[in-house]
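> Give me a 3D structure for the following:
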Amino acid sequence: MHDSLLRALFDDAVAAARAESCVPAHLPGAVPGRTVVVGAGKAAASMARAVEDHWPGPISGLVVTRYGHGVPCRSIEVVEAAHPVPDAAGRRAAERILERVRGLDDGDRVLCLISGGGSALLSLPAPGLTLEDKQAVGARLLASGATISEINCVRKHLSAVKGGRLAAAAYPAAVTTLAISDVPGDDPAVIASGPTVADPTTLADARAVLEKYGIEPPGSVTAYLNGDEETPKPGDERLARAELVLVATPARSLEAAAAHAREAGYEPVMLGDAIEGEARDVARDHARRALETPGPAVLISGGETTVTHDGSGRGGRNAEYLLSLALALDGAPGVWAIACDTDGIDGTEDNAGGLIGPDTLARAAGLGLDPAAMLDDHDSYGFFAALGDLVVTGPTLTNVNDFRAIMIEGE
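Just a heads-up that it's a prediction; the model follows:
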């Protein structure tokens, strides 16, 4: 019963951010000239389909999404590429998107569909850099424990299309961006590295991120970051006709889950939709809160934790959070939990996340598992796979970051 209710809360959170439910109400009106649709992210194809299903006239364009996240569209081309480390397919798609928005006039509009994952998928290196340069830096950042804001700061400054450069290329056409937020704080400049949004960060900020995490980039990257090719800043006239609308956010998804919990007789306690930090550390804090909270209640949270990967195991941040949470709870009676990525993919594995209950550690002991050692080796996937407690959804075709719920029964 507890597992099914936790899973229902997760499903409600995902449903609130699906393109078909959040895109149509925010579509802009017609313009005298052309409307060109472009986009990038794990939800880009489903957003494109929602646009097609509700657009009153002819439309065309190109969006890029992660492998396995495509959906059939009639007049908007869908390209699939790699995530989280970009590949040549993403580079070619970004190049073609840039070509499509160039040469428009002030009677035209670019409708840009942005969602989480767009940073890796919309990957066109800045002049003088190569895809291999970006792959090397990106992979090191992803393993470093850097926050998504820090990672995207660097990405923007190594890109020909991010950090407002896409909107600048479309000028003087109007640019309307519909965005599904997957970043703590819903900062438009961070979502997919803000291709249509002015960038307040600088080359110096990007250098500081690499220095903070001890990352030695290729020489070409060092040279570029020491140059003067800045991203468009607030007040840039080329972005004067660009607007962005948040059509789905983590907070709205958490609210949908909270409403379900309340109907089921559990008091929702919101811990925040923008939680960051090492997954195992966040879990220990949440375990303490759970043990202090009288039931029946559900602690609900979102955001994007990180994993500093220095082991040989498999597992994303949600499974790592759960394994650490189970250890911290130490079999406490009456406490169950779920942690999943709303895109359906926890890190690079085939699961969205997992589930724990009061018997998790006892069942693990019965199988001869050492949960503490597996946590040290970052093998949370192996732990939950052995228990049969992975949550597997497949791609959900949206992304509003992590979803976590800890259910506490009353005495």
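> Three-state assignment for the closest residue to A173 other than its chain neighbours, please.
What sits nearest to A173 in space, not counting adjacent residues and going by Cβ to Cβ, 6 or more residues apart in numbering, is L104, at 3.7 Å. Placement of C-beta: from N, CA and C, glycine included. Following DSSP: H, G, I helix; E, B strand; the rest coil, L104 is assigned to coil.
> just L271 next, same as before
strand.
> ok, now which ones touch it?
286, 289, 299-301 (Cβ atoms under 8 Å, 6 or more residues apart in numbering).
> got it, and S60?
By Cβ under 8 Å, 6+ apart, the contact set of S60 is 36-37, 75-76.
> Of those, grab the buried ones for ChimeraX.
Selection command for ChimeraX covering only the buried members of the contacts of S60, criterion 16 or more other Cβ atoms under 10 Å:
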select :36,37,76
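> Check the contacts of S60 and tell me the two furthest apart.
Across the contacts of S60, the longest distance by Cβ to Cβ is 11.4 Å; it joins V36 and S75.
> which residues do those two both contact?
With Cβ under 8 Å, 6+ apart as the test, V36 and S75 both reach 60-61.
> How many neighbouring residues does the closest residue in space to P56 that isn't next to it in sequence have?
Counting by Cβ to Cβ, 6+ apart, the nearest residue to P56 once its immediate chain neighbours are dropped is A30, at 7.2 Å. Neighbours of A30 under the rule other Cβ atoms under 10 Å: 11.
> Where does H83 sit: helix, strand or coil?
Per three-state DSSP, H83 ends up coil.
> M47 touches S115, doesn't it?
Yes - the criterion here is Cβ atoms under 8 Å, and M47 meets it with S115 at 6.7 Å.
> Identify the contacts common to these two.
In contact with both M47 and S115: 39, 41, 180, using Cβ under 8 Å, 6+ apart.
> any idea how far the second one lies from M47?
As defined by Cβ to Cβ, to the nearest Å, G41 lies at a distance of 8 Å from M47.
> Touching both of these two, which residues are there?
With Cβ under 8 Å, 6+ apart as the test, G41 and M47 both reach 113, 115, 180.
> Among those residues, which ones are in strands?
When DSSP state E defines the strands, the subset of the shared contacts of G41 and M47 inside them is 113, 180.
> all strands for the stretch 101-250 of the chain, in order.
Taking DSSP state E, counting those that start in this stretch as the criterion, the stretch 101-250 of the chain carries its strands at 109-114, 174-180, 242-248.
> Just name the most buried of those strands.
strand 109-114 (a mean of 28; mean count of other Cβ atoms under 10 Å).
> Give me the nearest residue to T305, chain neighbours excluded.
T305 sits nearest to A279 (Cβ to Cβ, 6+ apart), 4.0 Å away.
> Contacts only, for that neighbour.
Counting by Cβ under 8 Å, 6+ apart, A279 makes contact with 305-307, 317-318, 320-321, 324.
> make it 6 Å
Residues near A279 by Cβ atoms under 6 Å, 6 or more residues apart in numbering: 305, 307, 317, 320-321.
> Report the residue ranges of every domain in this structure.
2-10+251-408, 19-248 (automatic domain parsing).
> Report the mean per-residue pLDDT for stretch 291-306.
In this model, stretch 291-306 has an average pLDDT of 94.
> Can you get me a residue count around G394?
Around G394 there are 12 residues (other Cβ under 10 Å).
> Give me the below-cutoff pLDDT ranges for the stretch 251-400 of the chain.
Within the stretch 251-400 of the chain, the stretches with pLDDT under 70 are 311.
> can you give me the strands for it?
267-275, 297-303, 335-341, 353-356, 390-391.
> Weed out the non-buried ones from the contacts of L271.
For the contacts of L271, buried by 16+ other Cβ under 10 Å: 286, 299-301.
> Distance to P358 added to those, as a markdown table?
Below are the buried ones among the contacts of L271 laid out as a markdown table (distance: Cβ to Cβ, whole Å):
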| residue | distance to P358 |
| --- | --- |
| H286 | 16 |
| L299 | 16 |
| I300 | 20 |
| S301 | 20 |
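> Between the residues you listed, which sits nearest A139?
Using Cβ to Cβ, S301 comes nearest to A139 of the buried ones among the contacts of L271, at 28.1 Å.
> Surely the closest one is in contact with F403?
No - applying Cβ atoms under 6 Å as the test, S301 and F403 come out as separate, 8.2 Å apart.
> Ends of stretch 34-49, what's the gap?
For stretch 34-49, the first-to-last residue distance is 19 Å (Cα to Cα, to the nearest Å).
> can you tell me which of the contacts of S60 are in strands?
36-37, 76.
> Rebuild those as a markdown table, extending it with pLDDT.
As requested, those are exported to a markdown table (pLDDT from 0 to 100):
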| residue | pLDDT |
| --- | --- |
| V36 | 96 |
| V37 | 97 |
| I76 | 97 |
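> hang on, the earlier thing: tell me how far the residue nearest to A173 lies from H26.
For L104 relative to H26 (Cβ to Cβ), the value is 21 Å.
> Looking at those two, which is more packed in?
Neighbours per residue, other Cβ under 10 Å: of L104 and H26, the larger number sits with L104, 20 against 13.
> just checking, that one touches Y171?
No - the criterion here is Cβ under 6 Å, and L104 misses it with Y171 at 8.4 Å.
> Show me where the stretch 151-300 of the chain has its helices.
Per DSSP state H, counting those that start in this stretch, the stretch 151-300 of the chain carries helices over the ranges 165-170, 203-212, 219-225, 250-263, 279-292.
> in the fourth one, what counts as buried?
What it means is helix 250-263. Here helix 250-263 shows 250-258, 260-261 as buried, counting by 16+ other Cβ under 10 Å.
> between that helix and strand 242-248, how many degrees?
20 degrees (axes from the mean of the first three to the mean of the last three Cα atoms, to 10 degrees).
> Kindly export helix 250-263 (C-alpha atoms) in CSV.
Listed next in CSV are the C-alpha coordinates belonging to helix 250-263 (Å, rounded to 0.1, in the frame of the first residue of the first chain):
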residue,chain,number,x,y,z
PRO,A,250,9.2,21.7,-10.0
ALA,A,251,7.1,23.6,-7.5
ARG,A,252,3.9,23.0,-9.5
SER,A,253,4.7,19.3,-9.7
LEU,A,254,5.4,19.1,-6.0
GLU,A,255,2.1,20.8,-5.3
ALA,A,256,0.2,18.2,-7.4
ALA,A,257,1.8,15.5,-5.3
ALA,A,258,1.0,17.3,-2.1
ALA,A,259,-2.7,17.6,-3.1
HIS,A,260,-2.9,13.8,-3.6
ALA,A,261,-1.1,13.1,-0.3
ARG,A,262,-3.6,15.3,1.6
GLU,A,263,-6.6,13.5,-0.1
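> Lovely, talk soon.
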